[in-house]
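Engineer: task: produce atomic coordinates for the following.
(chains A and B)
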Amino acid sequence: MNRAVFVMTAMLGAASAASAHHSFAMYEPTKTLTFKGTVKTFQWTNPHVILWVLVQPEEGGAGQEWSFETTSPGVLTRAGWTRQSIKPGDRVSVTFSPLRDGSHGGGLNSVTLLDTGQTLVPKFGKEEPGLK
Amino acid sequence: MRGSIAASRSASSEGALLKRLATYLELTVLFGYMRICTTRTAFVAAMALCGSFAAVAMADDKDPINPPPTMRDWQALAKLPDWSGVWTPVISDQHAQEKTNAPPWNAQTAKQITHMYAEEEAGRPFPVIDHCFPTGMPSWMLITHNAFEILFTPGRVTILGEGDGNRLRRIYTDGRPHPADPDPSFHGHSIGRWEKDTLVVDTVALLPQAYLAVNEAVGVPNNGDMHIVERLHLQGPDTLADDLEITAGKLLFKSWRTTRKYFRQRAQKYDIAEGVCAQGSFTEAVDKNGNAIFAPVKFHNGVPVGSESK
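Structural biologist: This next block holds a predicted model:
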């Protein structure tokens, strides 16, 4: 687990009203972090699916809630995901691009289910016609 | 261009002819009953009947109706090209188009666009698609990553999109003109006609706030008077092309022509999913009575950073 993350400042106090659909440019694409944690919620909703994970600090204490955002249920379905792909309580390793401002969130690059070894990648399906 | 979309030679204009014929027949029957009214003793009942026919005739003249489709109308649909299935944008081509065929922005708009690209690069993307408003036209066809389906029914083509909760285009193909003073909307008022296997769509009455966008972080409101002409056609067995010509005098120094492509999938597992945008602002929770509820999510700069109910 990357210790650097815990010096990041959560900005929950500045939280504002919902914004919904947006570009992913607020995530730093050149940075990649990997955390391990336990899934709190796998939010299978439009416009963006969100994986909520409780990350346990190495130095102990309460788990920190992180949100990892990715594309829509429709697009993920075409990439082979289902709403049952990840369940609350699953132990996961999440690779993501962090928010540039240090908040506890990131753009999801991949998630590995530690109990099965399965890795899910939110890439679009092939851009070609198909029957399957 | 608005004038070029006139009544077509399709089954729908035959329907209009039948409608006029029906009106003629109604009037003929009406005059027949009026003669009856003057010769028979059941005067009161006959006058009531005359009045009802007169009301139908007047309503037909002043207030066009959507006539019930005939068997012939339904049969005519079978002659249209097969656009069934789920259509997903070719996103790689969207990106290629963005780089190689930018809109001819006027000088004032170009400054805004340049600034937006810089902001996006700096990680401060402008929220083109915000507050769960529909992406609207023409941005839906230009930048969306989500799939849509196309339905043919007599006198209409309907495009139903996935995402943003309310993506819906109604394209009237029954030969009607645009209304004289349509209410502006995110998707505008669209009329279409078939030229062989190409659907030509003319769209006006777009809200000034509807964006002309080139990606989810770069776009500007059209500010009024935008007009879109599209030519939708199959480019291959499973590739749909939308050739757009966009005229937006407040933003562009000339009309912009561009094409977007969509590929077809038929697996039922890819059928269009419900897309209620506002749902993304909530997370699943349980209230004190044990009821399943949605709890608001905290956002910071447009990004979810925590649930308000723990």
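Engineer: right, and residue B:69 touches residue B:155 too?
Structural biologist: Yes - at 7.2 Å, residue B:69 and residue B:155 qualify as touching, with contact defined as CB atoms under 8 Å. Backbone N, C-alpha and C define where each C-beta goes, glycine included.
Engineer: who has more neighbours, the two?
Structural biologist: Comparing residue B:69 with residue B:155 by neighbour count (other CB atoms under 10 Å in any protein chain shown), the higher total belongs to residue B:155, at 21 against 18.
Engineer: find the nearest non-adjacent residue to the more buried one, please.
Structural biologist: Leaving aside its chain neighbours, residue B:155 sits nearest to residue B:174 (3.4 Å; criterion: CB to CB, 6 or more residues apart in numbering or on different chains).
Engineer: can you pull the pLDDT of that neighbour?
Structural biologist: For residue B:174, the pLDDT comes out at 97.
Engineer: backbone dihedrals for it, both of them.
Structural biologist: Dihedral pair for residue B:174: phi -90, psi 10, per degrees, to the nearest 10.
Engineer: cool, and residue A:98?
Structural biologist: Per degrees, to the nearest 10, the backbone of residue A:98 is at phi -80, psi 160.
Engineer: let me know the pLDDT of the closest residue to it other than its chain neighbours.
Structural biologist: Leaving aside its sequence neighbours, residue A:98 sits nearest to residue A:106 (CB to CB, 6+ apart; 4.8 Å). Listed pLDDT for residue A:106 reads 93.
Engineer: next: residue A:112.
Structural biologist: Per the predicted model, pLDDT is 97 at residue A:112.
Engineer: so what's it bridging to?
Structural biologist: In this structure, residue A:112 bridges to residue A:93, residue A:119 when assessed by DSSP bridges.
Engineer: check contacts around it.
Structural biologist: A:92-95, A:118-120 (CB atoms under 8 Å, 6 or more residues apart in numbering or on different chains).
Engineer: closest one of these to residue B:230?
Structural biologist: Among the contacts of residue A:112, residue A:120 lies closest to residue B:230 (CB to CB), at 36.6 Å.
Engineer: isn't the closest one up against residue A:85?
Structural biologist: Yes - under the criterion of CB under 8 Å, residue A:120 makes contact with residue A:85 at 5.8 Å.
Engineer: all helices of the stretch 1-150 of chain B, in order?
Structural biologist: B:11-39, B:43-62, B:71-77, B:91-100, B:107-121, B:139-143 (DSSP state H, counting those that start in this stretch).
Engineer: need the contact list for residue B:158.
Structural biologist: So residue B:158 contacts B:150-151, B:168-171 (CB under 8 Å, 6+ apart).
Engineer: quick one, phi psi at it?
Structural biologist: The phi/psi pair for residue B:158 (degrees, to the nearest 10) is phi -120, psi 130.
Engineer: still on that earlier bit, selection in PyMOL covering whichever of the contacts of residue A:112 are buried, please.
Structural biologist: In PyMOL syntax, the buried subset of those is picked out as below (16 or more other CB atoms under 10 Å in any protein chain shown):
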select buried, chain A and resi 92+93+94+95+120
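Engineer: now the contacts of residue A:112 as a markdown table including distance to residue B:146?
Structural biologist: Conversion of the contacts of residue A:112 to a markdown table gives the following (distance: CB to CB, whole Å):
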| residue | distance to residue B:146 |
| --- | --- |
| A:92 | 26 |
| A:93 | 29 |
| A:94 | 24 |
| A:95 | 25 |
| A:118 | 26 |
| A:119 | 24 |
| A:120 | 20 |
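Engineer: I'd like to know which of the contacts of residue A:112 is nearest to chain B.
Structural biologist: Set against chain B, the nearest of the contacts of residue A:112 by CB to the nearest CB is residue A:94 (14.8 Å).
Engineer: any low-confidence regions in chain A?
Structural biologist: Flagging of chain A using pLDDT under 70 yields the residue ranges A:1-22, A:124-126, A:130-132.
Engineer: using the three-state scheme, assign residue A:35.
Structural biologist: strand (DSSP: H, G, I helix; E, B strand; the rest coil).
Engineer: can you give me the neighbour number for it?
Structural biologist: 20.
Engineer: please report how far it lies from chain B.
Structural biologist: Between residue A:35 and chain B the distance, using CB to the nearest CB, to the nearest Å, works out to 15 Å.
Engineer: pretty sure that residue sits against residue A:55.
Structural biologist: Yes - assessed by CB under 8 Å, residue A:35 is found in contact with residue A:55 at 5.1 Å.
Engineer: show me what the spatially most central residue of chain A is bridged to.
Structural biologist: Nearest residue to the geometric centre of chain A (CA atoms, centre = their mean): residue A:68, 2.3 Å. Residue A:68 has the following beta-bridge partners by DSSP bridges: residue A:51, residue A:106.
Engineer: again with residue B:246
Structural biologist: residue B:228, residue B:256.
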